[in-house]
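# here is my input; please provide its structure:
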Amino acid sequence: MVRLWCGEHAESEFVRACAEATGGNPFLLVELLSELALSGVEPTRAQAERVENLLPEAVLRSVTARLLELPEDARSLAVAVAILGDAAPLRRAAALANLTSRAAETAADQLDRAGILRGGEPVQVMHAMISSAILGELPEFARRQARRRAAELLAADGAPIEEVCAQLLESRGDGDAWVVARLRAGAAAALERAEPGTAVELLRRALLEPPGPWERDEVLVELARAEAADGNAAAPERLKQALALVADGRERARLLCELSRMQFGRGDFTAAAGTAERGLGELAAGGEVDDELADELLGRLLIAASSTPPMAEGAMRRLLAMIDDLSKGQLPRQPAARAVLASTLASVGRPAAEVRPIAEAALAGAPLVDDPFGATFGLVAVALLIADELELAIEASQAAAASARARGSVTAVATAIHWRSAAQCLMGQLEEAGRGLEQAVWLGRAGWKGVVGWNTYYLARCYIELGDFERAETAIAVGLKLDDEHPLGRAVMFEVRGRLALARQQYERALEDLLQSGAQLSLPEHHIPAIFAWRPLAAMVAHTLGERERAEAWIRQELEAVSGRFTARTRATVLRAGGIVLGGEAGIEMLEQSVELLEGSPAALELAHSRVELGAALRRAGLRVRAREQLGSGLRLALGFGAAPLADRARQELAASGARLRREADSGRAALTPAERRVAKLAAQGLSVPEVSRQLVLSRKTAEWHLGRVYRKLGVHSRAEFYAAWRADGSP
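Reported below is the predicted structural model:
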């Protein structure tokens with residue numbers, strides 16, 4: 001049809017646009033082609049986008065003309081069907097059009113013959129564009145009134161709440177309590193379906209109705225919660241509006257607790273602590289201080305205050321009181337308080353046997369700890385990571401992610417994925433951890449800055465271990481841009497930037513970044529060896545630069561800090577740095593202790609590093625047989641993780657020890673590095689080099705370099721040969 005009207009030269013993209021715009025309906029197609037001819041539109045690919053823009057006006061004129069030729073009953077039924085949408089039973093459309101059953105049947109047949117409705121039941125408009133044309137002719141107030149009547153009709157007929165609410169969204173606000181109730185019910189159902197965005201839309205419409213003064217605060221609270229679950233930055237301000245309407249002290253305390261949680265989720269720790277303090281004050285003023293709400297407010301206060309230097313001292317006093325209660329067998333009642341207690345005990349180096357039961361108690365009520373941002377769960381995850389309970393951290397994160405998905409809390413899903421990936425990174429599951437951390441990067445863009453620094457740290461560290469330095473640099477740059485306010489998060493970002501410079505052998509820059517990391521930790525209690533490793537790393541860099549005195553001073557400080565405290569992984573990483581810095585027999589002894597400690601730890605990535613460093617030290621001491629044993633074991637671990645730089649280091653040390661290395665695959669898919677494999681997979685999907693570079697956040701030159709290495713290893717010289725070789729392998 002298009003080529004009959006426009007000529008055989010009509011391009012396929014233009015023909016396809018016409019087909020999609022009209023659904024293949026001959027009536028619509030003829031109207032469209034007439035309009036296109038009158039407008040002088042050429043049937044080319046470049047003009048295809050104009051097709052859809054021209055259709056409504058052309059169809060509007062035609063449909064209007066056809067309707068004017070029909071009886072009034074037919075016109076009323078057409079409007080009713082357009083309002084109700086597809087698949088409406090005729091009786092429902094007849095009721096909306098105020099027609100009897102017999103009159104509706106006659107009108108439906110007339111509309112069928114006119115090409116406006118499809119024949120039979122349920123009654124449907126021939127095409128969505130015809131519906132738009134019909135509704136476009138209705139005056140605005142008449143259309144909105146019809147939507148309101150349709151909602152009442154649907155509700156009385158037992159239609160699903162989402163169908164009722166779809167009509168109410170298009171109706172005019174009239175202060176009707178029935179409308180507000182239906183919209184609130186629809187929002188609750190949307191949250192149960194894990195659709196917080198839909199809930200936000202419905203509750204915003206409820207506010208426009210508007211609700212009566214007796215329920216406005218309730219609608220505002222529900223909207224704030226939905227916005228928080230949807231990652232919307234407006235949630236805290238919305239809750240403040242509700243607070244201004246509430247006089248009851250206990251209800252104000254409950255809302256302040258909710259607001260504190262949201263403020264913490266946005267990374268505003270000072271405000272979160274102050275809000276929780278206000279909530280406790282509201283309860284105290286009413287004589288209610290010893291109940292679950294007070295416990296929860298206290299937990300929120302402790303979580304926020306522990307991250308805020310001006311308030312940390314007061315928080316620590318409260319924590320010490322909780323620890324004293326713990327010694328008497330009294331565990332805090334609320335998950336938030338248990339979470340902060342677990343993270344505090346882990347941070348000061350208490351054994352895993354003490355930390356794990358409290359962390360498990362915090363998770364007992366719900367995997368997500370009932371937090372729309374997942375912030376409280378994050379504290380539990382940190383406690384488990386510090387305590388080296390990595391398997392439990394992964395298990396808890398997966399449960400938290402599932403719970404968050406069921407509730408529709410997208411921010412909490414991403415937070416749970418982040419902490420699962422952090423544990424996987426430490427276990428050496430680098431590729432899987434990297435994929436999860438990439439999913440969580442959007443957290444900062446959504447305004448939830450509390451985890452930006454930590455996500456940057458683990459994501460960049462995965463890239464460094466994989467040998468993908470360019471992507472590590474990009475991740476760090478994005479992280480520092482997204483969060484320029486939070487010192488603890490910036491501390492780990494500067495630390496990982498120092499790790500990257502160290503991997504690139506840029507020692508002066510590495511030392512500068514590591515010192516900057518330490519400078520962010522303004523309070524003595526922030527120097528937590530299990531979390532912040534700037535000092536042992538700086539000691540190794542200073543040692544390489546020949547600053548022996550400085551290096552030894554730093555390493556002795558750190559060795560003293562972990563003495564008799566913390567788990568095997570924390571002590572082992574400090575001992576490894578000490579072994580490198582101190583050298584000689586004392587250094588070898590420290591490296592041996594590091595390996596011994598890590599053999600019983602799930603942190604297999606750290607074990608691989610310690611084995612390679614011990615092997616290198618033994619090789620330098622002339623103990624070549626023992627060196628080869630450690631280096632070989634470290635090499636096997638590194639290869640299993642895809643940790644290319646560590647594997648290369650192990651090979652170099654093995655070669656220096658005089659070992660004859662077994663020839664590894666230097667061709668075929670098995671020879672590809674993780675970075676080369678990522679590029680190859682995208683290229684095999686047909687992506688061009690620029691598209692590959694954009695998707696992987698690489699420069700075009702780097703993508704070309706990786707693809708060139710892929711070609712050489714596969715023994716191909718063109719895209720066609722590459723496709724054939726890749727598919728012949730049979731794996732994805």
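# quick one, domains of the protein?
Using automatic domain parsing, the domains assigned to the chain come out as 9-169, 177-308, 384-389+397-656, 669-729.
# would you map the helices across the stretch 401-550 of the chain?
For the stretch 401-550 of the chain, the helices defined by DSSP state H, counting those that start in this stretch cover 410-427, 430-440, 442-445, 452-466, 469-482, 487-503, 507-520, 534-544, 548-562.
# just flag whichever of those helices has the lowest average confidence.
When the helices of the stretch 401-550 of the chain are ranked by mean pLDDT, helix 442-445 comes last with a mean of 54.
# buried stuff in stretch 611-625?
If you call a residue buried by 16 or more other C-beta atoms under 10 Å, then stretch 611-625 has these buried ones: 611-620, 623-624. C-beta: built from backbone N, CA, C; applies to glycine.
# which residues does the closest residue in space to Ala234 that isn't next to it in sequence contact?
Closest residue to Ala234 apart from its sequence neighbours, by C-beta to C-beta, 6 or more residues apart in numbering: Glu227 at 5.4 Å. For Glu227, the contacting residues are 196, 200, 234-235, 238, by C-beta atoms under 8 Å, 6 or more residues apart in numbering.
# would you list those in JSON lines and tack on distance to Leu654?
Formatted as JSON lines, the contacts of Glu227 follow (distance: C-beta to C-beta, whole Å):
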{"residue": "Pro196", "distance to Leu654": "54"}
{"residue": "Val200", "distance to Leu654": "59"}
{"residue": "Ala234", "distance to Leu654": "58"}
{"residue": "Ala235", "distance to Leu654": "56"}
{"residue": "Arg238", "distance to Leu654": "62"}
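# okay, and which of those map to helices?
196, 200, 235, 238 (DSSP state H).
# which residues of the stretch 151-300 of the chain score low on pLDDT?
Scanning the stretch 151-300 of the chain for pLDDT under 70 picks out 231, 265-267, 287-291.
# ranges for the helices of it?
Remark: helices assigned in the stretch 151-300 of the chain by DSSP H, counting those that start in this stretch are 161-169, 177-192, 196-208, 216-229, 235-243, 249-265, 269-285, 292-305.
# before we move on, the earlier item: could I get the helices of the stretch 401-550 of the chain as a markdown table with mean neighbour count and distance to Ala294?
Shown next, in a markdown table, are those (neighbours: other C-beta atoms under 10 Å; distance: least, C-beta to C-beta, whole Å):
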| stretch | mean neighbour count | distance to Ala294 |
| --- | --- | --- |
| helix 410-427 | 26 | 25 |
| helix 430-440 | 21 | 33 |
| helix 442-445 | 18 | 31 |
| helix 452-466 | 27 | 30 |
| helix 469-482 | 20 | 35 |
| helix 487-503 | 23 | 28 |
| helix 507-520 | 19 | 34 |
| helix 534-544 | 24 | 38 |
| helix 548-562 | 17 | 35 |
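# any idea which of these gets closest to Leu598?
helix 410-427 (11.1 Å; C-beta to C-beta).
# next, the angle from that closest one to helix 216-229.
In terms of direction (axes from the mean of the first three to the mean of the last three C-alpha atoms, to 10 degrees), helix 410-427 departs from helix 216-229 by 30 degrees.
# pretty sure Ala412 contacts Gly378?
No. Judged on C-beta atoms under 8 Å, Ala412 makes no contact with Gly378 at a distance of 9.5 Å.
# quickly list what's touching both of the two.
Joint contacts of Ala412 and Gly378 (C-beta under 8 Å, 6+ apart) do not exist.
# ok so, going back, quick check: the farthest pair among the ones in helices among the contacts of Glu227?
Farthest-apart pair in the ones in helices among the contacts of Glu227 is Pro196 and Arg238; separation 13.5 Å (C-beta to C-beta).
# re earlier: so which of the helices of the stretch 151-300 of the chain is nearest Ala336?
Judged by C-beta to C-beta, the one of the helices of the stretch 151-300 of the chain that comes nearest to Ala336 is helix 292-305, at 2.9 Å.
# buried residues, that closest one. List them.
293-305.
# now stretch 40-51
So stretch 40-51, judged by 16+ other C-beta under 10 Å, has buried residues 41, 43, 47-48, 51.
# stretch 700-708 too?
702-704, 706-707.
# which of those residues fall in helices?
Short answer: those in helices (DSSP H) are 702-704, 706-707.
# so which of the residues you listed sits lowest on pLDDT?
Among those, Thr702 has the lowest pLDDT, at 68.
# so Val692 is in which element?
Element membership of Val692 [criterion: DSSP states H and E] is helix 689-695.
# mind giving me the packing neighbours of that helix?
Helices and strands touching helix 689-695, by 3 or more C-beta pairs under 8 Å, 6 or more residues apart in numbering; DSSP states H and E, are helix 674-684, helix 700-714.
# if we go to 6 Å?
With contacts defined as 3 or more C-beta pairs under 6 Å, 6 or more residues apart in numbering; DSSP states H and E, helix 689-695 has these neighbours: helix 700-714.
# nearest spatial neighbour of Leu280, chain-adjacent residues omitted?
Leaving aside its sequence neighbours, Leu280 sits nearest to Leu297 (C-beta to C-beta, 6+ apart; 5.0 Å).
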